[in-house]
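K.L.:
quick one, fold the following:
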Amino acid sequence: MKFLSFSAALVLAAASLSAQAQSAAGKMVSKDELRTCMNTEADLAARRTALSARSEANRAENTAIKAQAEEMTAEAKAVEGNEAKMDRFNRKVKEHNARVAAQQASATALRTDLEALNQGLVAYNASCGAISYSREDKEAILKEREAAAKKN
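P.N.:
Numbering: from 1, shown residues only. This is a model prediction of the structure:
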């Protein structure tokens, strides 16, 4: 009799732990809600990849602008006092300044997009970070995506 009640207590404890684990994992979502979360996750990953490429291009352009500025500093000393060379150099400086302004605008847009990505990640984590879902639903959604990819 004691063995039976101990077994019953273990079963109840296991059921209780299962319920606690599910509530800790989050609410069970529908297939449509899971699809929304998976689509959001894929979108965020694509945006992150694109922003990473833009960030790398931004760093390369900054490096090129710094190198050009160093060359122009040396050239400024060489053309000092020569009116013909100074006019050409001033045009070069004007082009350089335009390049710097374009780079600053690009960097500002990149920062804005990175902030938007971070806000998207926070929203995703709040809505999808602690959900539970059926494995079958996820597999079905993955099959849908695979079929859609084959059509494209």
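K.L.:
ok, the most centrally placed residue in the chain to L110 distance?
P.N.:
A centroid search over the chain (Cα atoms, centre = their mean) returns R48, at 2.6 Å, as the residue closest to the centre. Separation of R48 from L110 (Cβ to Cβ, to the nearest Å): 13 Å. Glycine gets a C-beta too; all of them are placed from N, C-alpha and C.
K.L.:
lowest-confidence helix or strand of this structure?
P.N.:
Every helix and strand of the chain was ranked by mean pLDDT, DSSP states H and E. The lowest is helix 2-25, at a mean of 39.
K.L.:
after it comes which helix or strand?
P.N.:
Going down the chain from helix 2-25, the next helix or strand is helix 31-79, by DSSP states H and E.
K.L.:
for that next one, packing partners?
P.N.:
The helices and strands touching helix 31-79, judged by 3 or more Cβ pairs under 8 Å, 6 or more residues apart in numbering; DSSP states H and E, are helix 83-128, helix 135-151.
K.L.:
any stretches of this protein with poor pLDDT?
P.N.:
Scanning the chain for pLDDT under 70 picks out the ranges 1-26.
K.L.:
if you set the cut-off to 50 instead, what comes out?
P.N.:
1-24 (pLDDT under 50).
K.L.:
point out the most buried one among the helices and strands packed on helix 31-79.
P.N.:
Among those, judged by mean count of other Cβ atoms under 10 Å, the one packed with the most neighbours on average is helix 83-128 (a mean of 13).
K.L.:
tell me how far that helix is from the chain's mean position?
P.N.:
18 Å (Cα atoms, centre = their mean, to the nearest Å).
K.L.:
that helix - contacts with which helices or strands?
P.N.:
The contact analysis (3+ Cβ pairs under 8 Å, 6+ apart) places helix 83-128 against helix 31-79.
K.L.:
now do the helix it packs on against helix 135-151, angle only.
P.N.:
Inter-element angle recorded for helix 31-79 and helix 135-151: 50 degrees (by axes from the mean of the first three to the mean of the last three Cα atoms, to 10 degrees).
K.L.:
helix 31-79 to helix 83-128, inter-axis angle?
P.N.:
Angle between the axes of helix 31-79 and helix 83-128 is 160 degrees (criterion: the same axes, to 10 degrees).
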